[in-house]
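Asker: one predicted model, sequence on top.
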Amino acid sequence: MRKWGRRGVLLSILLSLFLTGACREINTSVAEEAYADGNYRLAAEEYTRFIRENPKSSALPDAYLGLAWSTYKMGDYARSTQAVDVLLQRFPGSKLIPTARYVAALGYFAQRRYVEAEEELDDLILYYPNAAIIPEARFLRARAQAAMLRYAEAAESYKDYLKRYGNAPYAAAALLGRAEALLKSRRWKEAVGVYEDFLKRFPSHPDRPDVLFRLAQLYEANLLYEKGLEAYERFLSEGGSEGREREALEGKAHCLEGLQRFDEAAKVYRSLYTLAEDTDVCSAAGRLAAYYLSRGETETARDYYRRIVLDCERVPEIHAPALEWWVKDLLDRDRFSEAFEAAEKYVTLYPGVEESEKVERMLIDMLEKAGRTRDARDRLLTWIRRRFSRAVPNDFYRLASLDITLRDYDAALEDAQEGLRRARILEDTPAIKSGLYHQMIVYDLLKRPADVLTLWWELKEIDPQYLTPEETVYWDAIEKRFFEESQVPLEFRSPEKYRLWKKISFHLAGFVYDPSDSVQAVLATMTSRLLITHGVVDRMMNYTPAEKVRMLDQITARDDFDRIPDSWFPLRSTIGTDWIVDGRIWRDPSLDARKPIIFDVRLIRVTPEGLFPFRYRYHYAVEDVATAPPQLARVLTHRMKIYY
């Protein structure tokens, strides 16, 4: 009895161990049920427990595959790939290998490792062409190619999938994927055909409204307005998709406009205008304003533009052009104060847009018409400074005109010169002619006839017909009067000959200095030589008539020019130069020892009316002698040109 009792206990233990192991193996069904319920974490735990407690079970390949699927669904791609690797290594001949490799490719794809996903799928398709998972593998490979922006290949892969498995579960998705890949490859006509095929094959598909809308957009974008209109109407009649009704209505209106069915388009826009979305309301108002304006119904158009100006500031692409039109309309109706206010608002809201420059010019026009010339000039000057590199010659000419009105002739001259400089750089002939004429006017106001003539001759060379006959008479009279007052000989009264005659500009009488002082000698010699290079100088005293030499000597020896001998007249033709230059260099020990050298220069202006001396004194240090002459020669030459 005791013996059998011991055996019974042993048998009982063994039986219990057997039953426990059997239950554990059977318990993979718990993992499967958890997976089916979407509880992937519990499924992974159960599969892991099964693998750990049943290392020699025949169901291990299924458990590893189940673990790979569960961890993939959890987003734990590293564990999923690890489970696949173990399955491949331990059970290389398992019938589950194709599915396992597909799971590995899914993991790569989810991690955006598209190259590795494609390589895995290529091997899978190559080595297991008849596996049940191959259709899904081909579909995933097309998606990977599209993700790598290889749209042409993706389109062909989708096409191959549809040819092989036209009624497979992924057929609808493959059609949509192929259409998008064709669009990305700029093959929109083929894409349209694929979308149309999708609509025929899947009339109840949940993506049907989106496909209809996409198809309508494609037709509209490619100016196929009849088909676009039909697609938009189908979309709207079938209920559309949430949030797309307004876009579809706007697209429908655009197609009607393209078909020149403007009345119907306006009707659609009016229905759009009643919808709540701000952007759509503003867009519809803009379209309606343009529609009524094209029909000549300005009052109705004005009402819509006014609504946009008041309510659509949040939509600048619609508000800006409406506000610009509003400014012009107010100006046309002589409502200057309101127009000025609206223009100020425009340039404040949209300072960087191209149209802002037009509105800024309108503001300047308004100020000028209102008699606020100073304000107009200041605003234009500010605008030019703000956009100095982009300012055109006409901007400076207009500024010069405003300066002339304000009698600021020096500023007007600077502005006109800058405009002409830019016109010459641009080789803009009309702007060059305008610049020459503006400067002629300013020089005439400044009583500088010589400068007027220089520009007048250049203008006539470019375009003899630029001015009216009356204007030509005026400037020719200035030319004639200048020749007479300057006592220019008749044979030199033409632009070419006058330029030659004008080159005899001054007589260099020389500088008196102490020959024993080498510093004074260097200063006098270098200054004389440099003055000669700055102009044509009358220095041929050996060939000058004795009477003229005596007269020049008398002039340079004289200090008082208020009363000069009658025998000297006519001065300009007798002397033959515009200036006489002389001077004296000397040392003054009583002055600052740092600048002991004094250079007194006298420029005597020769005119038909008399002689007019200009005296200048310069102080130099001994070490300045090498650098002083070039600067002094330039200064003296410049002074003679200024006082010509």
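Answerer: Looks like it came in fine. Small disclaimer: the values here were computed from a predicted structure and weren't measured.
Asker: output the contacting helices and strands for whichever helix or strand residue 618 is part of.
Answerer: Under DSSP states H and E, the secondary-structure element containing residue 618 is strand 611-620. In this structure, strand 611-620 packs against strand 597-606, helix 628-642, with contacts taken as 3 or more CB pairs under 8 Å, 6 or more residues apart in numbering; DSSP states H and E. Placement of C-beta: from N, CA and C, glycine included.
Asker: in a markdown table: the ones you listed, plus mean pLDDT and distance to residue 102.
Answerer: As requested, the helices and strands packed on strand 611-620 are exported to a markdown table (pLDDT from 0 to 100; distance: least, CB to CB, whole Å):
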| stretch | mean pLDDT | distance to residue 102 |
| --- | --- | --- |
| strand 597-606 | 88 | 100 |
| helix 628-642 | 78 | 88 |
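Asker: out of these, deepest packed?
Answerer: Sort the helices and strands packed on strand 611-620 by mean neighbour count, taking mean count of other CB atoms under 10 Å, and strand 597-606 sits at the top with a mean of 19.
Asker: what's the helix or strand hosting residue 102 in contact with?
Answerer: Secondary structure here is read from DSSP H and E; on that basis residue 102 sits in helix 97-110. Counting by CB atoms under 8 Å, 6 or more residues apart in numbering, the neighbours of helix 97-110 from elsewhere in the structure are 64-65, 68-69, 72, 75, 77, 80-81, 84, 87-88, 91, 94, 114, 116-117, 120-121, 123-124, 128, 131-134, 136-137, 140, 143-144, 147.
Asker: what does stretch 509-519 give?
Answerer: Contacts of stretch 509-519 with the rest of the structure, by CB under 8 Å, 6+ apart, involve 520-521, 523-524, 527-528, 552, 556, 580-587, 597, 599, 622, 625.
Asker: and with 7 Å instead?
Answerer: Contact with stretch 509-519 is made by 520-521, 524, 527-528, 552, 556, 580-585, 597, 622, 625, as judged by CB atoms under 7 Å, 6 or more residues apart in numbering.
Asker: compute the first-to-last residue distance for it.
Answerer: 20 Å (CA to CA, to the nearest Å).
Asker: report the buried residues of that stretch.
Answerer: Along stretch 509-519, these residues count as buried under the neighbour rule (16 or more other CB atoms under 10 Å): 509, 511, 513, 519.
Asker: for the record, mean pLDDT for it?
Answerer: Stretch 509-519 shows an average pLDDT of 87 in the prediction.
Asker: do stretch 614-627 as well
Answerer: Averaging pLDDT residue by residue across stretch 614-627 gives 86.
Asker: what of stretch 470-483?
Answerer: 91.
Asker: can you point out the buried residues in that stretch?
Answerer: Residues of stretch 470-483 classed as buried: 475, 478-479, 482-483 (neighbour count, 16+ other CB under 10 Å).
Asker: may I see these organised as TSV, with distance to residue 436 added?
Answerer: Putting those into TSV (distance: CB to CB, whole Å) gives the following:
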residue	distance to residue 436
475	11
478	14
479	15
482	17
483	20
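Asker: now render these as CSV, adding secondary structure.
Answerer: Conversion of those to CSV gives the following (DSSP: H, G, I helix; E, B strand; the rest coil):
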residue, secondary structure
475, helix
478, helix
479, helix
482, helix
483, helix
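Asker: closest to residue 204 out of those?
Answerer: Compare each of these with residue 204 using CB to CB and the shortest gap goes to residue 475, at 86.6 Å.
Asker: where's that closest one relative to residue 432, distance?
Answerer: The gap separating residue 475 from residue 432 is 17 Å, by CB to CB, to the nearest Å.
Asker: and for residue 102?
Answerer: Using CB to CB, we find residue 102 at a distance of 76 Å from residue 432.
Asker: can you give me the strands in the stretch 101-250 of the chain?
Answerer: Remark: strands of the stretch 101-250 of the chain are absent; assignment by DSSP state E, counting those that start in this stretch.
Asker: narrow the contacts of helix 97-110 to just the buried residues.
Answerer: Judged by neighbour count, with 16+ other CB under 10 Å as the criterion, the buried members of those are 64-65, 68-69, 72, 77, 80-81, 84, 87-88, 91, 94, 114, 117, 120-121, 124, 128, 131, 133-134, 136-137, 140, 143-144.
Asker: ok, the strand holding residue 618: who's next to it in the sheet?
Answerer: Neighbouring strands of strand 611-620 in its sheet, by DSSP bridges, are strand 597-606 (antiparallel).
Asker: sorry, back to before: looking at the helices and strands packed on strand 611-620, which is closest to residue 361?
Answerer: When these are ranked by proximity to residue 361, the top entry is helix 628-642, at 35.7 Å, counting by CB to CB.
Asker: where in the chain is pLDDT low?
Answerer: Confidence mapping of the chain against pLDDT under 70 gives the ranges 1-27, 240-243, 272-280, 499-505, 533-550, 566-577, 591-594, 638, 641-644.
Asker: pull the contacting residues for residue 491.
Answerer: residue 497.
Asker: number of residues surrounding residue 310?
Answerer: Residues lying near residue 310 (other CB atoms under 10 Å) number 11.
Asker: chain center to the helix or strand hosting it: distance?
Answerer: Counting by DSSP H and E, the element that carries residue 310 is helix 298-311. On the basis of CA atoms, centre = their mean, to the nearest Å, helix 298-311 is displaced by 31 Å from the centre of the chain it belongs to.
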